[in-house]
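Visitor: I'll drop the sequence and a predicted model, then ask my questions.
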2 protein chains.
Amino acid sequence: MSHPQFDKHRAQLEGALNAIHTRGYWSAFNEMPSPKTYGETAPVDGKLAFESHLGQQFALYQPGQTGWTGGEQSPYGVELAVQYPVCDIEALITAGEKAMDGWRAAGTDGRTGICLEILSRLNQQSFELAHAVMMTTGQGWMMAFQAGAPHAQDRGLEAVAYAYREQKFVPAEATWEKPQGKNPPLVMKKHFELVGRGVGVVVGCGTFPTWNTYPGLFAALATGNAVIVKPHSNAILPAAITVRTIRAVLAENGIDPNLVSLCVTDQRATTQKLVTHKAVKSVDFTGGNVFGQWLIENCRQAQVYAELAGVNNIVIDSTDSYKKMLGNLAFTLSLYSGQMCTTSQAILVPAGGIETDEGHKSYDEVCTDLARAVTGFLSKPEVAHAVLGAIQSAETLKRIEEAGSGKLGTVILAPSKLDNPDFPKAEVRTPVLLACDAGDEAKYMEERFGPISFIVKVADTAAAIALSERIISTHGALTAGVYSTRAEVIDAMTAATWRSKVALSINLTGGVFVNQSAAYSDYHGTGGNPSANASYADSAFVANRFRVVQRRYHV
Amino acid sequence: MSHPQFDKHRAQLEGALNAIHTRGYWSAFNEMPSPKTYGETAPVDGKLAFESHLGQQFALYQPGQTGWTGGEQSPYGVELAVQYPVCDIEALITAGEKAMDGWRAAGTDGRTGICLEILSRLNQQSFELAHAVMMTTGQGWMMAFQAGAPHAQDRGLEAVAYAYREQKFVPAEATWEKPQGKNPPLVMKKHFELVGRGVGVVVGCGTFPTWNTYPGLFAALATGNAVIVKPHSNAILPAAITVRTIRAVLAENGIDPNLVSLCVTDQRATTQKLVTHKAVKSVDFTGGNVFGQWLIENCRQAQVYAELAGVNNIVIDSTDSYKKMLGNLAFTLSLYSGQMCTTSQAILVPAGGIETDEGHKSYDEVCTDLARAVTGFLSKPEVAHAVLGAIQSAETLKRIEEAGSGKLGTVILAPSKLDNPDFPKAEVRTPVLLACDAGDEAKYMEERFGPISFIVKVADTAAAIALSERIISTHGALTAGVYSTRAEVIDAMTAATWRSKVALSINLTGGVFVNQSAAYSDYHGTGGNPSANASYADSAFVANRFRVVQRRYHV
C-alpha cells in the first residue's frame, strides 16, 4: 500500500531514518540561503510573498469563523497589521475529528508521504517564512532563515521519521497459528489498525514560532491526529503561512484540509478551554513555566509535551584555549540577545580562579575578560545587529533594565541600547553580565529570559559541579557546559549530568555553541529535568500519539 | 559491550523481537505443566516450595524493615499465614535510587541479559508460583499455572523486548562531521547515555498478581529504573516470590539487590505517599477506576500506566454456528468466574432476534439457550471447579448476590453455590445471567466485576453497534466481540472499534476466547479508551521510561 508522495520522498525519509539512528551530521534542507538551492529569484520572491501579507486578511477558509483579529507588534518596529481568522474552537475540533477518518485510511505510508510533501513545500517558502519569523520574533536575518526555515523543517522531518519507524513496526496483519499437539493448530488472522488518539493542540512560543512548533505538529500529524496550531499572539504569521500550506497540500492529496487548523485568540480563557477539551488528546507546548505547569496540572485528558524554562549553566574549571573559550561564550551570550531557551544563564567559576594556557586567571579576571570578549565581539555594528537581532518582548526589556540597575548583582557589563540603521524603531540591547556569589541563589537561580547572565563565584570546581547538578535537578536546564583540561573534572561533570539529566557540551571553543542543537544528532532537552518533560525528538515523543486497534478471527 | 547473561539468552531475545514485529504465535515458556519441560520432580518440588512459605516469615533482607505483616485470605479457604517485611518507604526509595547507578552502568545489554535470566529463573519456579497464585486469587489450577507463570513470564519478556528495541536504537556514540565549504569540517564526538527516569512503582491487583505486574515491572526495570512492587494486600505471595528471585539474580550479577523491593502495607495512606513521592517517576497500576483515577489525578510527578475497568461487550447479529457460539460464550462467562478484566459483561442482542444455522432465534431464545449452554458446560463438577475457581473477594460475592436477587434485571440464570470437595471452605459460585433493555443503562453500563453478565435487548444490529461504541467510548472496555455472517455488519463494527479504540474478536466459535490475549500477538488494551491509558505491550509502554543524556566535544 504505497502512496505517490511516499515514493516521491522515499530517499529523503531513508536519509532521515538513517540519521536518527546513527546521529552523525545530516540535513535534508540547505541551511544556507543559496540561490543554487532555492532558486535565483527566491530571495526576492520570498520577500514579496511576506510583504503581500502585510495589512491584509490572511484567509484560511476554516470552519466556524466569527471574525478577524491580529495585532502582532514587530520587535523591529515595522508595521505588520495582518488580520487572522477567529474561529469557534468547537467547530475546529469537530472538523478536525471528522477529517481524521480519511487521514487514518491513508495509512502510515500515505500520511508519511504527505507530511514529507508538506515539508518540501514549506522548504520552498523558506525566504517567506524567514521574513515572517524575523519580523515577528526579532531574530537576525540569518538566524531567522536557518532556525525559522530549514532547521525547523529538519526538526519536523525528524519527528516524521520517528513516527514512521514506530508505526511501521506494527504489522498490518498477521497469521497466528498455535500448535495443539496432535490436533490441528488454532489459526487466526489478525489485523492491526493504527489510529490517532484524537485532536492534538500545538501551542507555539513567541521566539521560535516554527522551530518549536514543527516537532509537535508533525509528530501528532504523522501519527494520525488532527492538529490545531495555537500560535503565540505575537508570532502568528509564521504559523499561519505553515497552516495554509499544510491545508493546501492535504486538499491536493484528497485529505480534508480541516485536519489542520489555526486557532488565533488573545483570550487566555479560550486557549484554556481548547487545551482541556475532552477531544484534545495531546498538547505540545513551548514557553514559560507558569502556563506549562498549568497545562500539566489541568490537561488530564491529554498527554502534555512541555518545553519550559530553566537555568542553563556552565562550569569553568580550566582551559587550554582561554581566548577561544571566551569567544565561544561571547557568541552564545549574544546570539539573539540570549532569547533562546538554551542560552547559558549561570557561569560557575571557582573563587580561586582558573588555570589557562595564558596562565592563572582570577575570578575577577574571568569576569573582566568575558565582558571584554562580548564587547569586542559586538564592536562592529553590522555584526552586532546580525547577531543580536531585537528584543522580542516588553517583559524582556524590563528584565534587562532591572539587571542593568545592579539589583541582581554587580554589573560587570552594562546593557546598552543600539540603533539599527535599517530598523530605526527596533529595540536592540547588548547583553548584561552580572557577578554574584553562589550563596545569592535568589539572584541567579530562576530563569531570567533574555541577555542576562551571571558569573557565579563558587568555592571550587567540585562545588561548582554540585551546584550545577542541584540547579538543574530543581530548576531545570536544557543545556549545560564544562570547560576543563582535567579528565577527572569532565568525568565528574558527566556523572552529574546523568543524574540531573541534561545535555553536556565539553570545551566548546570552535564553531559549535552550547545553545545550538542539531536535528537528527542532538536531542533538544532530555525530558528528565524540570525544564522539559519531553525531548525533540525521540521514540517517546511519538510512540504514545497513536494506538493500535486489532481485530481477529478464525481462518 | 556484551554481557554473559545477554549472550546466554540471546536466541530467546531474538525470538521475542521477531514475535513482537510479526505478531504470529510464539512463546518462550511452555504453558503446559509438562514434566518434560519443567522436570519430573517439578510439580512436587513446586508444591513443597509453596507450602514451605506457609505460616512463615518471608525474609527479603530489605532496608528499613520495621516489622512484619500479612493476613492474606485464600478464596479456597486454606490457611496461608505468611508474614512479609514492612519497610520504611523512604528507605526503599533511597536504596533503589542508589542502586540505579550500577544498573545504568550495566548498559542495555547487561540490563536485558539480567532481566532474561530473571525470567528464566522465574520460569523454573512456575509450579511454586502457580500454587501461590491459585491460593491467593482463587484461580483454578491450570489457569493459575498458565496465566500465573509462563504467560506472565511471556508478558515480562515481551516488555523486555520492546525496551531493548528502543534502547538499542540509540547509538552509544557518534561522530558528527559538518562540512564547512572550503574550510575544514566541524567535527564532534558525541556520546549518548541511557538513564532511567527514577523509581518505578508497580501496584498489583488481587486477581492476576503476576500477569498484570510483570509487564510494568520488567518495562521499568529493563529501561534502567529501580522498581518497588506494591502487591494487592490479598495477593502478596506471588509478588514476594518474584521479588526474592529478582533480588537474588541481581546480587549474583553484581547489581545491588535493593534495585527491586517489595512494599507491603495495608495502609492506603502509605501507598498514596509512595506513589506521589517526588522520586517516583512511573506508576503501573491494575485495578479499579476509583484508585486508578486518583493516581492519574495525583501522581503528577510520574507517568501513570493504568489498566482500569470497563464494560466489555459483544454484539450478536447472526451466526452460522449457533451451538459453537453459545459454547464459546459459556466458557468466557465461566472462566475464573468472570473475574477477568477482559470478561464480557454486556451481550447486545437485537429485539427481533438473530438468524442462525439453526434458524431464527428470538431474543428470549438466545437468553434461554445461553443460560442452558452455561449450565451444560458446568454440569460436571470437575469441569466446573477447574474453570470457575473460587470467588476472590467479599465484594464480588456481594455483587453476585445482588445480581441474583433480580435488582439489576430479569434473572435468566441464577447463581448457585457449589461445594468443592478438595477445598471445603472455598467460595464457589456459578455465573449470573440477566436480561434487560438497552434503556436500562444504570443496570449494565458500569463494571460489575465477577460472573455477572447482561443480555441487553437492543432495537436492531445498527443500534447494537452504536451502543457498543458509546459504552466503550464513555466507560471503556478491554475487549469487544461481534458475531455476524454479514460482511457489512463486521465492517461497521470494525469501524466502530477504530473510533472507540478497542480490540475486536470476530465470530469466535473455537478454542480462542474474547477474554484471552496472547503475548507478542495480541495487544492487551489499546490505551485509547477509559479502561486503560496504556497497552501491554507496545513502544509507548517503554519509550518514556528512560531518557537519553548526551555529551559532545570537538575532536
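Guide: Received the coordinates, thanks.

Visitor: name all residues that make contact with the residue nearest the centre of chain A.
Guide: Closest residue to the average C-alpha location of chain A: residue A:212 at 2.9 Å, with C-alpha atoms, centre = their mean. Listed by C-beta atoms under 8 Å, 6 or more residues apart in numbering or on different chains, the contact partners of residue A:212 are A:204-205, A:286, A:307. Bear in mind the C-beta positions are built from the backbone N, C-alpha and C, glycine included.

Visitor: what's the pLDDT at it?
Guide: You'll see residue A:212 listed with a pLDDT of 98.

Visitor: and which of the contacts of residue A:212 is nearest to residue A:395?
Guide: residue A:205 (13.2 Å; C-beta to C-beta).

Visitor: figure out the helix or strand that that closest one lives in.
Guide: Per DSSP states H and E: residue A:205 is located in neither a helix nor a strand.

Visitor: between the contacts of residue A:212, which sits nearest chain B?
Guide: Nearest to chain B among those: residue A:307, at 14.3 Å, using C-beta to the nearest C-beta.

Visitor: now the helices: where do they sit in the stretch 51-200 of chain A?
Guide: For the stretch 51-200 of chain A, applying DSSP state H, counting those that start in this stretch gives helices covering A:89-105, A:107-124, A:126-137, A:141-148, A:150-169.

Visitor: gap between the fourth one and the chain center?
Guide: Helix A:141-148 has its C-alpha centroid displaced from the chain centroid by 13 Å (C-alpha atoms, centre = their mean, to the nearest Å).

Visitor: do it and chain B meet?
Guide: No: judged by C-beta under 8 Å from any C-beta of the partner chain, helix A:141-148 and chain B are separated, with a smallest distance of 12.8 Å.

Visitor: ditto for the first one
Guide: Yes: legend: contact between helix A:89-105 and chain B by C-beta under 8 Å from any C-beta is shown at residue A:104.

Visitor: look up how far chain B lies from the residue of chain A most remote from its centre.
Guide: The centre of chain A is farthest from one residue, residue A:182, which by C-alpha atoms, centre = their mean lies 59.9 Å away. Per C-beta to the nearest C-beta, to the nearest Å, residue A:182 is found 13 Å from chain B.

Visitor: ok, residue A:288 next?
Guide: 18 Å.

Visitor: residues in contact with that residue?
Guide: Applying C-beta under 8 Å, 6+ apart, the residues near residue A:288 are A:308-309.

Visitor: do you know the pLDDT at it?
Guide: Confidence at residue A:288, expressed as pLDDT, is 87.

Visitor: and it, how far is that from residue A:393?
Guide: 11 Å (C-beta to C-beta, to the nearest Å).

Visitor: do the same with residue A:371
Guide: To residue A:393, residue A:371 is 25 Å away according to C-beta to C-beta.

Visitor: how does chain A divide up, domain by domain?
Guide: What automatic domain parsing lists as the domains of chain A is A:33-308, A:313-506.

Visitor: okay, the ones you listed in JSON lines with distance to residue B:253 next?
Guide: Output for these, formatted as JSON lines (distance: least, C-beta to C-beta, whole Å):
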{"stretch": "domain A:33-308", "distance to residue B:253": "30"}
{"stretch": "domain A:313-506", "distance to residue B:253": "21"}
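
Visitor: and of these, who's closest to residue B:142?
Guide: domain A:33-308 (15.2 Å).

Visitor: what's the span of that closest one from first residue to last?
Guide: 30 Å (C-alpha to C-alpha, to the nearest Å).

Visitor: can you verify residue A:314 is assigned to a strand?
Guide: Yes: secondary structure assignment places residue A:314 in a strand (DSSP: H, G, I helix; E, B strand; the rest coil).

Visitor: ok, back up a step: nearest to residue B:64, out of the domains of chain A?
Guide: Between those, domain A:313-506 lies closest to residue B:64; by C-beta to C-beta that is 22.3 Å.

Visitor: span of the closest one from start to end?
Guide: Start-to-end, domain A:313-506 (C-alpha to C-alpha) is 12 Å.

Visitor: excluding chain neighbours, what is closest to residue A:244?
Guide: residue A:60 (6.0 Å; C-beta to C-beta, 6 or more residues apart in numbering or on different chains).

Visitor: pretty sure the one you found contacts residue A:242?
Guide: No: between residue A:60 and residue A:242 there is no contact under C-beta atoms under 8 Å: 11.1 Å.

Visitor: the more surrounded of the two?
Guide: residue A:242 (28 against 18; other C-beta atoms under 10 Å in any protein chain shown).

Visitor: tell me how far the helix or strand hosting the more buried one lies from the chain's centre.
Guide: Secondary-structure assignment from DSSP H and E places residue A:242 in helix A:237-252. On the basis of C-alpha atoms, centre = their mean, helix A:237-252 sits 19 Å off its chain's mean C-alpha point.

Visitor: who does the closest residue to chain B within the stretch 101-250 of chain A bridge with?
Guide: Going by C-beta to the nearest C-beta, chain B is nearest to residue A:174 of the stretch 101-250 of chain A, at 4.0 Å. Beta bridges link residue A:174 to residue A:190, judged by DSSP bridges.

Visitor: enumerate every residue touching it.
Guide: A:189-190, A:192, B:22-24, B:521.

Visitor: equivalent analysis for residue A:254, please.
Guide: residue A:102.

Visitor: how far does stretch A:267-286 stretch from one end to the other?
Guide: 18 Å.

Visitor: so which bits of the stretch 51-200 of chain A are right by chain B?
Guide: So far as C-beta under 8 Å from any C-beta goes, the stretch 51-200 of chain A lies against chain B at A:104, A:165-166, A:169-171, A:174-180, A:186, A:188, A:190, A:192-193, A:195, A:197.
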